[in-house]
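**Q** Fold the following, please.
(2 chains)
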There are 2 protein chains.
Amino acid sequence: MGIPRHIGLIAGGLDLPVNVAKSVIESGDRLTVIEIDPDCPAGQFEGAMRFPLAKFGKVLKTMEKAGVTHVCLAGHVGRPDFSNFKPDLSAMRYLPGTLKAAKEGDDALMRHVMGIFETRGFEIVSAQTLCQSLLLAAGPAGLHSISADQRADAQRAMEVAQLIGEKDIGQGAVVVNGVVLAVEAQEGTDAMLERVAQLPSALRGDAVSRAGVLAKRLKSGQDRRVDLPTIGPKTVELAAAAGLAGIIADAGEAFVIERAETVRLADEHGLFLVGLPKGG
Amino acid sequence: MGIPRHIGLIAGGLDLPVNVAKSVIESGDRLTVIEIDPDCPAGQFEGAMRFPLAKFGKVLKTMEKAGVTHVCLAGHVGRPDFSNFKPDLSAMRYLPGTLKAAKEGDDALMRHVMGIFETRGFEIVSAQTLCQSLLLAAGPAGLHSISADQRADAQRAMEVAQLIGEKDIGQGAVVVNGVVLAVEAQEGTDAMLERVAQLPSALRGDAVSRAGVLAKRLKSGQDRRVDLPTIGPKTVELAAAAGLAGIIADAGEAFVIERAETVRLADEHGLFLVGLPKGG
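**A** The predicted structure is shown next:
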């Protein structure tokens, strides 16, 4: 890409930040990592600084001092407890706008935070731009594809995921035998799948006779520079335990992390993991 | 009402059937109760017959023999496990249509079942017609009303409940500080509230500083002769434990069961329980 960039990676939870860091290093770009406490597990990045969100001013200054040109936000960061928030001076300055954005929902909050970085002269770069190889491609990722009897559930699950995404509620839905068993809001996909596994068995499939689909979908109002829906080994394990037949998402709009392991588990449990061509 | 009717009460779970039975007896109408096994707890109704849904033919015959004129379906009945369903002869006859309706969702299934009763000459009478005194009235049911700072959450919660109702997903939603924390699908309101209580405390209110609203709303495609959303002591206890500020529903379209205890608990915990005038 010509001139090497200097990527400032703001790392939250889960596996995505590690994958982004790996891609940046491989590409020859420079990398500075800031771990967000407590979301980012400690010890993943050598020599990384670590700040809570309330020290937002320190985050900005660290990046400016290091000479960062591009900022990438990757990994889950929990909403801060604004009633217990002890901001540094710089964070204080941005607080009124941040509180207002937080009231409007997760997407507004993220757009607001990215706006602050841009105001300070950083360019925002998305995780998917930095590691395109993690994106779910169109078609089956493993051995299994959507069977004819799962098509109706797959379609309904995508429709429900679209609907709740439009309203900034969440990214996922589970449909089994025509019934919407669960809708994801703030609890996250893992908790939703655990809940499905606890519903009466009459409503679900099982390891012998799998039924139903988990759909994950980018919220339509969501800035595409922020995290895409993510599917990993745990997603597959929990979907399998819930008796589901498979997992679907829009191709190019979801990450598959630890791909080899994720696909191996899906194959082993007999689940499909399929990227749907957008608009197809 | 002139000529006494003979009500055949098909009793599922929770407290509504007992309340319906009480109202029917008080009104002077005759009453025959059939408990649905396993949903209806045993021992609530003296001399009641008890059948699983699969013995639907027996349910019909028992009602015809007893001289039932009106059928009321009250209380939660879990979707049967059709893969393990051992229907009697009469139920067998209705099975293909029932399976088809079940695929279309809960509402279609209930409409189908009511259609069968009507074909056999019974009139369907709703629980709310039989016990109007249980309906949530417009305005606050207890001491507390919706405070100014909870209005936005209340409105959003009603909007989300409306949206998921239109799609036959569920009846409830929880919104706190502008964020949709949870959406109810097949797990039911109690499980949804328990989940909210387990979300990070930064997202929620607490007993000292309550925040957010549970909205319950009749699914818009739902036949009004079937159970309305129900609010009872457990709903209030769980909403209080989740740190919520209150509970709302459409006036005239939700039941308050064990009203005295429900309102007492809401008052004690400082929660509002408010019926919203329809279309107001």
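**Q** dump the residue contacts of whichever residue of the stretch 1-150 of chain A sits closest to chain B.
**A** Nearest residue of the stretch 1-150 of chain A to chain B (CB to the nearest CB) works out as A:D81 at 3.1 Å. Just so you know, the C-beta spots here come from the backbone N, C-alpha and C atoms, and that holds for glycine as well. For A:D81, the set of contacting residues under the criterion of CB atoms under 8 Å, 6 or more residues apart in numbering or on different chains consists of B:P200, B:S201, B:A202.
**Q** The nearest residue to the last one once chain neighbours are set aside and A:D107, how far apart?
**A** So the one you mean is B:A202. Of all residues beyond its chain neighbours, the one nearest B:A202 is A:D81 (3.1 Å), with distances taken as CB to CB, 6 or more residues apart in numbering or on different chains. A:D81 sits 20 Å away from A:D107, going by CB to CB, to the nearest Å.
**Q** interface residues of the stretch 1-150 of chain A facing chain B?
**A** Contact residues (CB under 8 Å from any CB of the partner chain) of the stretch 1-150 of chain A with chain B: A:G78, A:R79, A:P80, A:D81, A:F82, A:S83, A:N84, A:A102, A:K103, A:E104, A:G105, A:D106.
**Q** Okay, domains of chain A per the record?
**A** With automatic domain parsing as the criterion, the domains of chain A are listed as A:6-130, A:135-276.
**Q** now the end-to-end length of the longest one.
**A** What it means is domain A:135-276. Using CA to CA, to the nearest Å, the end-to-end distance of domain A:135-276 comes to 12 Å.
**Q** remind me, longest strand of chain A?
**A** Of all segments of type strand in chain A, defined using DSSP state E, the longest is strand A:30-37.
**Q** What strands line up against that one, and which way round?
**A** Paired with strand A:30-37 in the same sheet, following DSSP bridges, are strand A:6-11 (parallel), strand A:49-52 (parallel).
**Q** residue contacts, whichever residue of the stretch 151-280 of chain A sits closest to chain B?
**A** Scanning the stretch 151-280 of chain A for proximity to chain B using CB to the nearest CB identifies A:A202 as nearest, at 3.1 Å. For A:A202, the contacting residues are B:G78, B:R79, B:P80, B:D81, B:F82, B:S83, B:N84, by CB under 8 Å, 6+ apart.
**Q** Now do it against A:A239, distance only.
**A** Here the criterion is CB to CB. By it, A:A202 lies 19 Å from A:A239.
**Q** Over to A:D267?
**A** Applying CB to CB, the value for A:D267 to A:A239 is 13 Å.
**Q** same deal with A:K61?
**A** The span separating A:K61 from A:A239 equals 43 Å under the rule CB to CB.
**Q** who's more crowded, those two?
**A** The residue with more neighbours, out of A:K61 and A:A239 and counting by other CB atoms under 10 Å in any protein chain shown, is A:A239; that gives 28 against 14.
**Q** so the more buried one touches A:I248, yeah?
**A** No: using CB atoms under 8 Å as the test, A:A239 is too far from A:I248 to be in contact (10.7 Å).
**Q** Now for these two: what residues contact both?
**A** Contact criterion CB under 8 Å, 6+ apart; residues bridging A:A239 and A:I248 by contacting each: A:L214.
**Q** Where does the prediction get shaky in the stretch 1-150 of chain A?
**A** Scanning the stretch 1-150 of chain A with the threshold set as pLDDT under 70 gives A:1-2.
**Q** What segments of it are strands?
**A** Taking DSSP state E, counting those that start in this stretch as the criterion, the stretch 1-150 of chain A carries its strands at A:6-11, A:30-37, A:49-52, A:70-74, A:123-124, A:139-140.
**Q** if you compare the ones you listed, which one is most tucked away?
**A** strand A:70-74 (a mean of 26; mean count of other CB atoms under 10 Å in any protein chain shown).
**Q** Which strands border it, and is each parallel or antiparallel?
**A** Listed by DSSP bridges, the sheet partners of strand A:70-74 and their directions read strand A:6-11 (parallel), strand A:123-124 (parallel).
**Q** Go through the ones you listed and name the closest to B:P229.
**A** Using CB to CB as the criterion, the shortest distance between B:P229 and the strands paired with strand A:70-74 is 42.5 Å, found for strand A:6-11.
**Q** Please enumerate the helices of the stretch 151-280 of chain A.
**A** For the stretch 151-280 of chain A, the helices defined by DSSP state H, counting those that start in this stretch occupy A:151-166, A:188-198, A:233-241, A:259-269.
**Q** can you list those helices in a markdown table and add mean pLDDT?
**A** Listed next are the helices of the stretch 151-280 of chain A as a markdown table, based on pLDDT from 0 to 100:
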| stretch | mean pLDDT |
| --- | --- |
| helix A:151-166 | 95 |
| helix A:188-198 | 95 |
| helix A:233-241 | 97 |
| helix A:259-269 | 96 |
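**Q** quick one: which of these is nearest A:V180?
**A** Comparing these against A:V180 with CB to CB, the closest turns out to be helix A:151-166 (5.6 Å).
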